[in-house]
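> below is the sequence, then the predicted model.
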Amino acid sequence: MTNKPIISTWIDPFKNIKKTLMKKEKCELPGCEDDIPAWRHGNATTCCDEHGELLKKARDAAYYQKVRNTALPIIKLREYFNDLANKFGFEVPIDLNYVSPLKIDWSIKTGSFYKDGAMGIALGDIGYMLYQPHFIKIFKL
């Protein structure tokens, strides 16, 4: 049986407005097929408070994983540039031949910054600027 909501409609006698209440029949927690008791509030999607907390933890874990997966490429790219800066130095022209093997995704950025009248790409607290012919400078922001 699917978990289709029960829709009930009534007229509020105080406001003379037609209201609709949607109440689900079954608990939304995976693995639980219990009915939602009538005494639970109208927005309840689980059969008990414990299942509500478990469902909330599962949603929070999924959200954390989504945020982590979004931030991970930025963190890795920042680490690459930080390693390059530790090897060659900050604000020193670095030949792009040393950078290319790292397979950097040049489209990733967290913002932009201005240094000496030129705009650069920011990655957290590190930024970089591309120069002609084929040089890059890394800055500590």
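Ah, there it is. Numbers count the residues shown, from 1 in each chain.
> most residues in a single helix of this structure, which one?
Of all segments of type helix in the chain, defined using DSSP state H, the longest is helix 49-88.
> tell me what it is packed against?
Counting by 3 or more C-beta pairs under 8 Å, 6 or more residues apart in numbering; DSSP states H and E, the packing neighbours recorded for helix 49-88 are helix 96-99, strand 118-123, strand 126-131, strand 135-140. For the C-beta atoms, the positions are set from N, CA and C on the backbone; glycine is no exception.
> from W106, how far off is the residue positioned nearest the centre of the chain?
In the chain, the centroid-proximal residue (C-alpha atoms, centre = their mean) is V67; its distance is 2.8 Å. Going from V67 to W106 by C-beta to C-beta, to the nearest Å gives 23 Å.
> and what of T45?
Applying C-beta to C-beta to T45 and W106 gives a distance of 44 Å.
> higher neighbour count, these two?
T45 (17 against 10; other C-beta atoms under 10 Å).
> got the domain boundaries for this structure?
1-47, 68-140 (automatic domain parsing).
> any idea which of these scores lowest on pLDDT?
Sorting these by mean pLDDT places domain 1-47 lowest, at a mean of 70.
> restrict stretch 70-80 to CA atoms and write it as CSV.
These are the backbone C-alpha positions of stretch 70-80, laid out as CSV (Å, rounded to 0.1, in the frame of the first residue of the first chain):
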residue,chain,number,x,y,z
THR,A,70,30.1,20.8,-2.8
ALA,A,71,33.1,22.1,-0.7
LEU,A,72,35.5,19.2,-1.3
PRO,A,73,36.7,20.3,-4.8
ILE,A,74,37.3,23.8,-3.5
ILE,A,75,39.3,22.5,-0.5
LYS,A,76,41.4,20.2,-2.7
LEU,A,77,42.1,23.0,-5.2
ARG,A,78,43.1,25.3,-2.4
GLU,A,79,45.5,22.7,-1.1
TYR,A,80,47.1,22.3,-4.5
